[in-house]
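Asker: with the sequence up front, the predicted model follows.
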Amino acid sequence: MINKTRETKLRDDFGVNFLGSLSHKPKLSFSSTKNIGGNGNDRFIPKTTSKKSYYSSSQLQNFLTSLEQLVDPLLQSRSPSPEFFMGHDLPVNTLLTQEISSILDSGEKKSKKKVSRHTKQHRKYMADALGFPDYNRVLQFSHMIPSLTIPSLSVDPLISILPPPEALKYANAQLSSWLNNKDVEKQRISKRAESRVPFRVLEAPHLRKDFYSNLVDWSHATNNVAVALDTAVFLWSDQVGAIHVLRRDYLEKTSDTVQCISFSSKDFLLVGTKRGKIFIFSQESVENNIGSGPPKPLIEITVKCHSGICCCQWFKDGNQFIVGTEVGVVYKFNIKTELIVIARSLRRTDTLRAKINGTSAELNSEKVIQTHKIGESWSLHVHSQQICGIKICEETNQIALGGNDNCCTICKYNENDLDEEPELQFKLKHASAVKAMAFCPWSKALFVTGGGSYDRHLRFWHSKSGTLLREFKTPGQITSIIWSKGQKQLLVTFGFTNQELPVFIIMYSYPSMEEIIRIKQPTQLRALTAATSPDAKKICVASDDETVRFYSIWENTCEDMRETPSNGIYGSEIIEHEEGISLNCMLR
Amino acid sequence: MDLISLKGSTRIVTEFFEYSINSILYQRAVYPAEDFATVKKYDLSLLKTQDTELKQYIREILRQVHRWLLGGKCHQLVLCIVDKDDGETIERWKFNVDSHSNKNDTDDDMNIPLEETQKEIRAVLRQITASVTFLPELKNEGNYTFNVLAYTDSNANVPLEWTDSDSKEIAKGESVQFKSFGTSAYSVGAEVTYKF
């Protein structure tokens, strides 16, 4: 007991001294310090008060071990922590006085700088050890899963030497560089590796091997695929399989053949023939009347010039279309749907000129008959030979016509009145027939054409000015071009190619024109026509071995690119997501 | 005059980060040009990535940064362009965020109209785009990746995906300071350091 009180008293004594001038010798005796040290508390555990005093005393801040002192064998036993203030023997005083005198003696600046560096270092170590926060934390985002096991991170000698936060950073740096080396390269390649093998092949016996025909199409309304086999037309639906649309004997009577088929964005299927006939079928009625005799077309007409229909393109509204003929004339037609309501009770016939969808519930008890009328609104004669391709861009109000007379023409139509004859804008020169054309979905003014077997060039045009932006040589006759909607890529199908190195399909990146996918065939195989699926991720290609091949091309991309500003209120999905704003709410 | 609250200010800053990160990644060809599509923003045509993974990655980063900014915990964001081979930082794009609330400014002058902020942001983004002319060419195209560092206060909440890092400074690099922009609550400065 007595001993203890003595001790505390001594401590108090020391405290006074400690806070007082350091130049005075502390009134500590040998024995008392030993006592303290012998308590088992030979490590100084700072409390708030003592910490404060340590930092607040300006003289103490100057105090610290310099490098020489650390190296000095005489002082080796001394750890550079404030513990020796609590006692310990003689060298404490000598050390203190040395330090202070050295500060006073030497050039102030130099020593100060030196000391401050070590002070800092020391403080940092202390702060680290005590878990004091670092004022500037630098954080790095690492997308790896935190629980990821590292295969072999053998104990790096540096990790044990560095203070804990430094060691952590060092370890992280090692880990991230290891991950970078391993993973990044792999990711970028895997993203682009899509299927090169068709996921479905349909047999198409008697498919005509003709560059000027367009004998396959994929409906964006019903997901059906239509194939024309010589004189017959079939619809392929996932649910039912093949459905007969146009019987073989029907056209054989007049020794006619099918030359083009095309789906509208609605229910219609157009069939064009060698003798200039156009049939319009309704997919719905064809599907509903399986087994009940040959389907009847809604409309059957013959174009004025009586020459073959090579190609067709519908406007987005699904009721208007343009056909191109073998003599180079294009016609535009309108389909008008009328509802004839026969009210049974009154036995009176009413004709309603109305939209089909509006009138439903009231007419249940009555018989409704749809009639379709077709009218030609204009014709255009700008090509001297077959029209091989037609494309419409409704953003720029342009119609592109590709001809066998080695040129492509771009016409501008009146947006408000589609029945007005379009105005010829540009004639784009090529070295052979132009069948493949495509307006870019994510850059309105970009238009690409592909030349025939003599030409073999992709040409990129600025569609608003008719300027040739770029020519690119390909290995074959280009039969179709399809732009990706989600990525800067375009897919090109080939007809006749190099005999030694036949190629079927190539996907290029744009603008670098790097080959991303090249689909080869062991023997020469010609792609005749290609069509895209409703979701624009798959394509089907009619080829000259009498098959229709289906490829999954852009399965990995999910969003469409748009040229318009990103939608949303702040134009940033990140913020909207973070603040819980959903676009659907905004639209209401 | 539209004045912007703290929340609105933070949105502007985060959004600016999104577009500037995208611009830098495109301009410095860290990712192939094919991955980027033009977007109209701040009355400029800017390029934004279309790559789903990269989009998700940037989104994850900025969502957290947005949270930190709202809490006043983040005061600097750094984008490092790193060589894949040796992990060396080639370029370091630094964005300082000074929060006005830290200072004892009671000025009402700090209320900056949205148009003014947008104008300043345009100037910064133009400078970032133009910086390609003086920055040294990145020779191994396709061999770079990027890292985003956030300087936060010690007491910030840190999700598991974020780890402590060194500052990835470029020793003896050249620095070029860009213009800055201010919102009612922050002023943001930009600077690029590159290996000379």
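Answerer: The structure has been received and is ready for your questions.

Asker: which of the helices and strands in chain B ranks last by mean pLDDT?
Answerer: strand B:162-164 (a mean of 82; mean pLDDT, DSSP states H and E).

Asker: neighbouring strands - and their directions - for that strand?
Answerer: strand A:137-141 (antiparallel) (DSSP bridges).

Asker: list the contacts of the partner strand.
Answerer: The set of residues external to strand A:137-141 that reach it, using CB atoms under 8 Å, 6 or more residues apart in numbering or on different chains, is A:172, A:176, B:60-61, B:64, B:147-154, B:156, B:158, B:161-167. From N, CA and C alone the C-beta is placed, and that goes for glycine too.

Asker: okay, that strand in PDB with CA atoms only?
Answerer: Output in PDB follows, covering the C-alpha atoms of strand A:137-141 (Å, rounded to 0.1, in the frame of the first residue of the first chain):
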ATOM      1  CA  ARG A 137      -8.300   8.000 -48.100                       C
ATOM      2  CA  VAL A 138      -7.800   7.000 -51.700                       C
ATOM      3  CA  LEU A 139     -10.300   4.300 -52.700                       C
ATOM      4  CA  GLN A 140     -10.300   2.300 -55.800                       C
ATOM      5  CA  PHE A 141     -13.200   0.600 -57.400                       C
END
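
Asker: give the next helix or strand downstream of the least confident helix or strand of chain B.
Answerer: strand B:174-182 (DSSP states H and E).

Asker: so where do the helices sit in chain B?
Answerer: Applying DSSP state H to chain B gives helices spanning B:6-27, B:52-70, B:114-130.

Asker: could I get those helices as TSV with mean neighbour count, distance to chain A and mean pLDDT?
Answerer: Shown next, in TSV, are the helices of chain B (neighbours: other CB atoms under 10 Å in any protein chain shown; distance: least, CB to the nearest CB, whole Å; pLDDT from 0 to 100):
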stretch	mean neighbour count	distance to chain A	mean pLDDT
helix B:6-27	22	5	88
helix B:52-70	20	5	88
helix B:114-130	17	12	89
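
Asker: show me where chain A has its helices.
Answerer: A:2-19, A:30-37, A:48-56, A:58-62, A:67-71, A:91-105, A:108-130, A:157-161, A:164-179, A:185-190, A:248-252, A:283-288, A:573-578, A:583-587.

Asker: can you list the low-confidence ranges for chain A?
Answerer: Scanning chain A for pLDDT under 70 picks out A:1-115, A:128, A:131-136, A:142-165, A:167-169, A:171-195, A:343-366, A:556-588.

Asker: from the stretch 251-400 of chain A, which residue is nearest to chain B?
Answerer: residue A:395 (14.5 Å; CB to the nearest CB).

Asker: give me the number of residues near that residue?
Answerer: 11 (other CB atoms under 10 Å in any protein chain shown).

Asker: do the same with the one 3 residues further on
Answerer: Using other CB under 10 Å, residue A:398 has 22 neighbouring residues.

Asker: got the domain boundaries for chain A?
Answerer: Domain ranges of chain A: A:2-130, A:136-190, A:213-325+A:329-381, per automatic domain parsing.

Asker: just to revisit the earlier point, got JSON lines for the helices of chain B, with distance to residue A:376 too?
Answerer: Below are those laid out as JSON lines (distance: least, CB to CB, whole Å):
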{"stretch": "helix B:6-27", "distance to residue A:376": "49"}
{"stretch": "helix B:52-70", "distance to residue A:376": "46"}
{"stretch": "helix B:114-130", "distance to residue A:376": "52"}
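
Asker: re the thing from before, among the contacts of strand A:137-141, name the buried ones.
Answerer: Using 16 or more other CB atoms under 10 Å in any protein chain shown as the burial test, the contacts of strand A:137-141 include A:172, A:176, B:60-61, B:64, B:147-153, B:156, B:158, B:161-167 as buried.

Asker: residues contacting the residue nearest the centre of chain B?
Answerer: In chain B, the centroid-proximal residue (CA atoms, centre = their mean) is residue B:17; its distance is 3.9 Å. Applying CB under 8 Å, 6+ apart, we find residue B:17 in contact with B:62, B:65, B:77, B:95.

Asker: relative to residue B:33, how far out is the residue of the stretch 401-550 of chain A found nearest chain B?
Answerer: Of all residues in the stretch 401-550 of chain A, residue A:488 sits closest to chain B, at 3.9 Å by CB to the nearest CB. Here residue A:488 is placed at a distance of 8 Å from residue B:33 (CB to CB, to the nearest Å).

Asker: which neighbours do the two share?
Answerer: Contacts common to residue A:488 and residue B:33, judged by CB under 8 Å, 6+ apart, are residue A:511.

Asker: neighbour count winner among those two?
Answerer: Counted by other CB under 10 Å, residue A:488 and residue B:33 do not tie: residue A:488 has more neighbours, with 22 against 13.

Asker: the more buried one contacts residue A:514, doesn't it?
Answerer: No. Applying CB atoms under 8 Å as the test, residue A:488 and residue A:514 come out as separate, 10.7 Å apart.

Asker: residue numbers of the stretch 251-400 of chain A in contact with chain B?
Answerer: By CB under 8 Å from any CB of the partner chain, no residue of the stretch 251-400 of chain A approaches chain B.
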